[in-house]
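Chemist: coordinates for the following, if possible.
(2 chains)
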Protein chains: 2
Amino acid sequence: MNTIAETTIEADPTVPVIRITRDFAATPEQLLRAHTDPTLFAQWIGPDGTRARIEHWDARNGGSWRYVSEGDGEVYAFRGCFHQVGPDRIVQTSAFERNPDVVALETLRFEALGPGRTRLHAQSLVDTFERRNAILLSGMRTGLDAGHAKLDRMLADGTV
Amino acid sequence: MNTIAETTIEADPTVPVIRITRDFAATPEQLLRAHTDPTLFAQWIGPDGTRARIEHWDARNGGSWRYVSEGDGEVYAFRGCFHQVGPDRIVQTSAFERNPDVVALETLRFEALGPGRTRLHAQSLVDTFERRNAILLSGMRTGLDAGHAKLDRMLADGTV
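Modeler: Alright, predicted model coming up:
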């Protein structure tokens, strides 16, 4: 039996922030690894039918990253820098290269809920509500849900 | 005669942003250099009576920075990563190390106004109005005005 975990996506009414909450059958260390090990990250990030190719990856304070997502004949590149990595938090910038002027400040926090249960709190901050709302309308949930479902399977089969 | 340029500091009422505008007798290239060359940057940043020591500096897309400001027996450290550097824009994270959970996303833009005149547009974005207002109350204008006055003098005497 597969239990599909509930992902909450919240648009803050007072600041141009998106907040995402999602529980995993994982320890905080496993979630950190899934988000910082490039080989693991490439295996779950993005919607079904796409493949992520890591072009650059240096997951430490002051490092940076870039990856390309390929699928249905299209190529989408994303890049950013890591302000802070670990132990229970990642703070990074993130931009879609076709829209380089929209830079988000992302904060991921891994909250231990109990043995083998961890809650991901992800926050994405941009500088206008228009930009925030455009991100929400860009098909965010489809990609998130598919990616997190892949991560669930990797946690279940011991890949992470 | 010294003309003191006017610095505008604006707290946006709708998003937790601080916007700073200031004109310089400089080209955009000179302002970019003053913000990216560590030797030049250390000479003007910060209030009078402090000395900046660059601990780490890699001013390029995906690079990072850290500096320490010393004065009146106190040491203040700041660090961040460079999301984007140049030609007319710098996008970076910035945090005061004593308050590491408050990370700002800063955007600096250098707008050519005419021969030898450039307007600096600086924007600092944080995730709550409380944090934004605390930054405004932290003595920001004193440090900015003193730093920019030093930069004026360096531009006038050909240091930049």
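Chemist: rest of the way, CA atoms for contacts and neighbours
Modeler: Noted.
Chemist: state which helix of chain A is the longest.
Modeler: Longest helix in chain A by number of residues (criterion: DSSP state H): helix A:140-156.
Chemist: what packs against that one?
Modeler: Packed against helix A:140-156 by the contact rule (3 or more C-alpha pairs under 8 Å, 6 or more residues apart in numbering or on different chains; DSSP states H and E) you find helix A:38-44.
Chemist: what residues does chain A put near chain B?
Modeler: A:14-17, A:62-65, A:80-83, A:93, A:105, A:125-128 (C-alpha under 8 Å from any C-alpha of the partner chain).
Chemist: now do the contacts for A:Ala25.
Modeler: By C-alpha atoms under 8 Å, 6 or more residues apart in numbering or on different chains, the residues touching A:Ala25 are A:116-118, A:152, A:155-156.
Chemist: which one of these is nearest chain B?
Modeler: Distances from chain B to these, taken as C-alpha to the nearest C-alpha, are shortest for A:Thr118 (20.6 Å).
Chemist: how about that closest one: what's its closest non-neighbour residue?
Modeler: Once flanking residues are discounted, A:Thr118 sits nearest to A:Ala112: 4.6 Å by C-alpha to C-alpha, 6 or more residues apart in numbering or on different chains.
Chemist: just A:Arg19 next, same as before
Modeler: In this structure, A:Arg19 finds its nearest non-sequential neighbour in A:Gln123, 4.5 Å apart by C-alpha to C-alpha, 6+ apart.
Chemist: cool, A:Phe129 as well?
Modeler: A:Pro16 (4.9 Å).
Chemist: thought the one you found was touching A:Ala134?
Modeler: No - the pair A:Pro16 / A:Ala134 is not scored as a contact, 11.0 Å apart, by C-alpha atoms under 8 Å.
Chemist: out of these two, which sits in the more crowded spot?
Modeler: Taking other C-alpha atoms under 10 Å in any protein chain shown, A:Pro16 and A:Ala134 do not tie; A:Pro16 has more neighbours (22 against 11).
Chemist: quick check: the more buried one vs B:Glu10, distance?
Modeler: Counting by C-alpha to C-alpha, to the nearest Å, the separation of A:Pro16 from B:Glu10 is 18 Å.
Chemist: picking that back up, show me the two of the contacts of A:Ala25 that sit farthest apart.
Modeler: Maximum pairwise distance among the contacts of A:Ala25 (C-alpha to C-alpha): 14.0 Å, between A:Thr118 and A:Ala156.
Chemist: among the two, which residue is more densely surrounded?
Modeler: With neighbours defined as other C-alpha under 10 Å, A:Thr118 and A:Ala156 compare such that A:Thr118 has more, 22 against 12.
Chemist: quick one: contacts for that one?
Modeler: Under the criterion of C-alpha under 8 Å, 6+ apart, the contact list for A:Thr118 reads A:23-28, A:31, A:110-112.
Chemist: adding secondary structure and pLDDT, write those out as TSV.
Modeler: Output for the contacts of A:Thr118, formatted as TSV (DSSP: H, G, I helix; E, B strand; the rest coil; pLDDT from 0 to 100):
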residue	secondary structure	pLDDT
A:Asp23	strand	97
A:Phe24	strand	98
A:Ala25	coil	97
A:Ala26	coil	97
A:Thr27	coil	97
A:Pro28	helix	97
A:Leu31	helix	98
A:Phe110	strand	98
A:Glu111	strand	98
A:Ala112	strand	97
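Chemist: A:Arg60: which element?
Modeler: Using DSSP states H and E, no element contains A:Arg60; it sits outside every helix and strand.
Chemist: which stretches in chain A count as strands?
Modeler: Applying DSSP state E to chain A gives strands spanning A:7-11, A:17-24, A:51-57, A:64-71, A:74-85, A:89-96, A:104-114, A:117-125.
Chemist: what pLDDT, on average, does the fifth one get?
Modeler: In this model, strand A:74-85 has an average pLDDT of 96.
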